[in-house]
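Student: Quick check, what structure comes out for this input:
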Amino acid sequence: MAKVLTSVKIEPEVYDQFKQNTSNIKFHLQDLVNRSMHLFLTDTNFRDTVLNYHIPVLSTESQKIKLSSVTQSETV
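Tutor: Numbering: from 1, shown residues only. Next comes the predicted model:
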């Protein structure tokens with residue numbers, strides 16, 4: 001299966017911390033994204049945690065998604 005090439009904007013502070021914490025192991029952003037997306041799709045506890053988690057450095061606008069709004073749209 002072909003991979004999809006995409007781009008995302010990442011908060012510099014969060015990305016810098018990620019790079020520092022993974023510099024001594026072979027774990028890349030692509031690994032994190034692939035694993036996180038799989039868990040998000042297959043593990044409801046992980047999905048709930050992600051949807052309700054707020055990163056302090058992110059703007060309020062970028063954190064508007066709430067679990068309740070996703071749950072309501074899924075039940076329709």
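
Student: quick one: residue 20 from residue 50, how far?
Tutor: 22 Å (C-beta to C-beta, to the nearest Å). No exception for glycine: its C-beta is placed from N, CA and C like everyone else's.

Student: Neighbour count: the two, which is higher?
Tutor: A direct count of neighbours by other C-beta atoms under 10 Å for residue 20 and residue 50 places residue 50 higher, at 14 against 9.

Student: can you pull the pLDDT of the more buried one?
Tutor: Listed pLDDT for residue 50 reads 94.

Student: got the contact list for the residue nearest to it when sequence neighbours are not counted?
Tutor: In space, residue 50 comes closest to residue 40 once its chain neighbours are excluded; the distance is 6.1 Å by C-beta to C-beta, 6 or more residues apart in numbering. The contact partners of residue 40, by C-beta atoms under 8 Å, 6 or more residues apart in numbering, come to 46-47, 50.

Student: before we move on, which element is residue 40 in?
Tutor: helix 29-42 (DSSP states H and E).

Student: what's the following helix or strand after that helix?
Tutor: Downstream of helix 29-42, the first helix or strand assigned by DSSP H and E is helix 44-52.

Student: Remind me what that following helix packs against, helices and strands.
Tutor: helix 29-42, helix 67-75 (3 or more C-beta pairs under 8 Å, 6 or more residues apart in numbering; DSSP states H and E).

Student: mind checking how far that helix is from the chain centre?
Tutor: Between the centre of helix 44-52 and the centre of its chain there are 10 Å (C-alpha atoms, centre = their mean, to the nearest Å).

Student: Would you mark the buried spots in it?
Tutor: residue 51 (16 or more other C-beta atoms under 10 Å).

Student: got the angle between it and helix 29-42?
Tutor: Per axes from the mean of the first three to the mean of the last three C-alpha atoms, to 10 degrees, the angle that helix 44-52 makes with helix 29-42 is 110 degrees.

Student: rewinding a little: worst mean pLDDT among the helices and strands packed on helix 44-52?
Tutor: Among the helices and strands packed on helix 44-52, helix 67-75 scores lowest, at a mean of 46.

Student: So what would you say the end-to-end distance of stretch 16-28 is?
Tutor: Across stretch 16-28, the terminal residues are separated by 12 Å (C-alpha to C-alpha, to the nearest Å).
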